[in-house]
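Peer 1: I'd like to go over a predicted model; first the sequence, then the structure.
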Amino acid sequence: MASSSKLKKSTVAALLTLGFFGGLFTLGISDSAIYYAVVIGGILVSSVLTIYYWKAERRNDAQASPVGLWIVAAIFIAFLLLCLLPAFS
């Protein structure tokens, strides 16, 4: 059994996703498309890594914490609400 105080790889990857998501708003000052592409790519890659690592952790420990998945889910919901929905209004 793994210690619950140790950070899992899936949680670290989800926190990276959160960092990229924060970067999306800090880059909002500059209007360069390449910066947005890099940040959105970072969000997607970090999210895929979160899911991959969580599945691996789940295989080793059936009680693996889904904290990383919840972080990624919240980021995707916030991304949709804050970035994409205003474009449709």
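Peer 2: Now that the structure is in, tell me what you want to look at.
Peer 1: Correct me if wrong: residue 16 contacts residue 46.
Peer 2: Yes - the criterion here is CB atoms under 8 Å, and residue 16 meets it with residue 46 at 4.4 Å. Backbone N, C-alpha and C define where each C-beta goes, glycine included.
Peer 1: Counting neighbours, go ahead and name the busier of these two.
Peer 2: Taking neighbours as other CB atoms under 10 Å, residue 16 and residue 46 compare with residue 46 leading, 23 against 18.
Peer 1: Just the buried positions in the helix or strand where residue 58 lies, please.
Peer 2: Taking DSSP states H and E as the definition, one finds residue 58 inside helix 33-60. For helix 33-60, the neighbour count (16 or more other CB atoms under 10 Å) marks 35-36, 39-40, 42-43, 46-47, 49-50, 53-54, 57 as buried.
Peer 1: again with stretch 60-70
Peer 2: Buried positions in stretch 60-70, judged by neighbour count with 16+ other CB under 10 Å: 64, 65, 67, 68, 69.
Peer 1: and for that stretch, what are the contacting residues?
Peer 2: Defining contact as CB atoms under 8 Å, 6 or more residues apart in numbering, one finds that stretch 60-70 is touched by 1-2, 4, 8, 10-14, 50-51, 53-54, 57-58.
Peer 1: again, only this time at 7 Å
Peer 2: Applying CB atoms under 7 Å, 6 or more residues apart in numbering, the external contacts of stretch 60-70 come out as 2, 8, 10, 11, 13, 14, 50, 54, 57, 58.
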